[in-house]
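[1] return atomic coordinates for the entry below.
(4 chains)
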4 protein chains.
Amino acid sequence: MLEIKRLSLDEARILLEGAEKKSGEMGIPMCTAVADESGHLIAFTRMDGAKVSSISIAMDKAFTAACAQRQTKDYNEIAVPGKPTFGIHVTNQGRFSIIAGGIPIKTAKKIVGSIGVSGGTADEDHQVALAAIEYFRNKTKLPD
Amino acid sequence: MLEIKRLSLDEARILLEGAEKKSGEMGIPMCTAVADESGHLIAFTRMDGAKVSSISIAMDKAFTAACAQRQTKDYNEIAVPGKPTFGIHVTNQGRFSIIAGGIPIKTAKKIVGSIGVSGGTADEDHQVALAAIEYFRNKTKLPD
Amino acid sequence: MLEIKRLSLDEARILLEGAEKKSGEMGIPMCTAVADESGHLIAFTRMDGAKVSSISIAMDKAFTAACAQRQTKDYNEIAVPGKPTFGIHVTNQGRFSIIAGGIPIKTAKKIVGSIGVSGGTADEDHQVALAAIEYFRNKTKLPD
Amino acid sequence: MLEIKRLSLDEARILLEGAEKKSGEMGIPMCTAVADESGHLIAFTRMDGAKVSSISIAMDKAFTAACAQRQTKDYNEIAVPGKPTFGIHVTNQGRFSIIAGGIPIKTAKKIVGSIGVSGGTADEDHQVALAAIEYFRNKTKLPD
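    Below is the predicted model:
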């Protein structure tokens, strides 16, 4: 039998809090999605003024990071024409995100969930996701 | 030019708080979605243990209540075979919910957003949505 | 070789005008779609305050009336459980509307386009569609 | 509570008028969609002879310009393989347009809606959208 560890809603909220804090400092309203280790959404917020098209992109990034067990940023580099992973962005009903901003959350080396951020440039989204995870580590003291 | 009022993220969070409080009292973990007056998601939470299939149902209920300007409970009665609205549940790419649990949020008679709850029976979902709106009224003192 | 007659954009606009006039008299903001004889949209308007969920429903009604060569009201009666047409509402990617409000436009007994109305009850939608066609006949003097 | 300004149907019609005028001068029949600030369609026309495949493309361009708060032309440059936004064109159920011709409409620096044009080359579509907005400014005297 497998034993799975999974983010709780309270832990997901810490990640949202961290993302909103960083977005606020950067002055860019963001959409942030937190998913469990199976890619299913736990919690989501759209900050006032954030792009409506980022709602599903943030969710897709969180889905991809959890389900593909990898940050979406990596796929941006390996899913271009001429590389063997080209085409992966249309799989999973178009939910497979290859844009930076989705990162798995690990505890003791195991994926327990993921975060997906959208609203700025791909690089800004990635920075917010990283900042949210750092905030989460500081608050929870969980080992990575 | 039309003038529209829309829930802020802080106001959406009060609705989630009210829904989670009521769900906790009932002992039923729920998914709750809050949308703006155009049906776009503002915030979402899935309580620990809540059904994964309720994630999109809660979102669909919020979408429908905002966009059809009516509680989803009403459609459950008028969209049955033999009634003229039968068939509406497959419209809008299947996002049109005819199951109780979606209610528009009004301020001064205008729809400013909506809530959609899923996780229990249709009746339990509706009760949680109503309780969340009552909690919201008490906290914000906004007129209905 | 087939010879097809098809509504022009100017003629489609007369239908929208007639629909908006009737909706205005009834005090119910409506979405109205006019399609060509192949079911492809020619023109569309959403009146201020009309339901967002009615956008695609109006288009679906126009699509169905043109493509199924029949008013959608008829399907509401024959597509119920126990009748042989039950299930048709999920065909055509869910665009097959069985709710009253879609009517083919005929000239000299041939379908040249269609109208689809959504925003009120199914019966109100149907009334508006009928009124729009009557308005169109009066303006254009085209034979039915 | 957020305060939003949104194009009315009468204002949307001015944009269609401007687009049709410019398309007529260019001799290219176009599809034009006008959406509200949330990306929901307000009005649409397909000029006689315009491409049927442009119906949904025009709507997608309007959706994207409103929801991503940016002209679609910009995405054409930043969403190519090797750039970090590559892959965005398959998000939002494939409705995220990265082809020129979609532009947000602003009033006093705030997005109040958008226009999407399709029927010619991407550059021609963009020109028509720009001309429609200029026509709108001249008619309404609203500040940009």
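
[2] SS state for the closest residue in space to residue A:71 that isn't next to it in sequence?
    Closest residue to residue A:71 apart from its sequence neighbours, by Cβ to Cβ, 6 or more residues apart in numbering or on different chains: residue A:103 at 4.7 Å. Placement of C-beta: from N, CA and C, glycine included. With DSSP: H, G, I helix; E, B strand; the rest coil as the basis, residue A:103 sits in strand.

[3] given the longest strand along chain A, what are its sheet partners and their directions?
    Secondary structure assigned by DSSP state E gives strand A:110-118 as the longest strand of chain A. Looking at strand A:110-118 with DSSP bridges, its partner strands are strand A:31-36 (antiparallel), strand A:102-107 (antiparallel).

[4] neighbouring contacts of the helix or strand following that strand?
    The first helix or strand that comes after strand A:110-118 along the chain, using DSSP states H and E, is helix A:122-140. Residues outside helix A:122-140 that contact it (Cβ atoms under 8 Å, 6 or more residues apart in numbering or on different chains) are A:11, A:14-19, A:21-23, A:26, A:28, A:30, A:32, A:61, A:71, A:73, A:76, A:99-103, A:105, A:115-120, A:142, A:144, D:84-85.

[5] picking up where we left off before, gap between the residue nearest to residue A:71 and residue B:131?
    Remark: distance between residue A:103 and residue B:131 (Cβ to Cβ, to the nearest Å) = 36 Å.

[6] more neighbours: those two, which one.
    Applying other Cβ atoms under 10 Å in any protein chain shown to residue A:103 and residue B:131 shows that residue A:103 carries more neighbours, namely 24 against 18.

[7] list the contacts for that one?
    Residue A:103 makes contact with A:65, A:71-73, A:114-115, A:126, A:129-130, A:133, according to Cβ under 8 Å, 6+ apart.

[8] gap between it and residue C:55?
    If you go by Cβ to Cβ, the gap between residue A:103 and residue C:55 works out to 36 Å.

[9] go ahead and confirm residue A:8 touches residue B:48.
    Yes. Using Cβ atoms under 8 Å, residue A:8 is in contact with residue B:48, at 5.3 Å.

[10] filter the contacts of helix A:122-140 to the buried ones?
    Among those, those scoring as buried are A:11, A:14-19, A:22-23, A:28, A:30, A:32, A:61, A:71, A:73, A:76, A:99-103, A:105, A:115-120, D:84-85 (criterion: 16 or more other Cβ atoms under 10 Å in any protein chain shown).

[11] residue A:86: neighbour count?
    Counted with other Cβ under 10 Å, residue A:86 comes out at 13.

[12] equivalent analysis for residue A:87, please.
    Count around residue A:87 with other Cβ under 10 Å applied: 11.

[13] let me see the contact set for the nearest residue to it once chain neighbours are set aside.
    Of all residues not flanking residue A:87 in the chain, residue A:79 sits nearest, at 7.4 Å (Cβ to Cβ, 6+ apart). Taking Cβ under 8 Å, 6+ apart, we find residue A:79 in contact with A:85-89, A:98, D:86-87.

[14] and which of these is nearest chain C?
    For the contacts of residue A:79, the closest approach to chain C (Cβ to the nearest Cβ) belongs to residue A:89, at 22.6 Å.

[15] can you read off the pLDDT for the closest one?
    Listed pLDDT for residue A:89 reads 95.

[16] same check on residue A:62?
    98.

[17] okay, and the beta partners of the residue of chain A found nearest chain B?
    The minimum distance from chain A to chain B, using Cβ to the nearest Cβ, falls at residue A:44 (4.2 Å). In this entry, residue A:44 is beta-bridged to residue A:33, residue B:44, by DSSP bridges.
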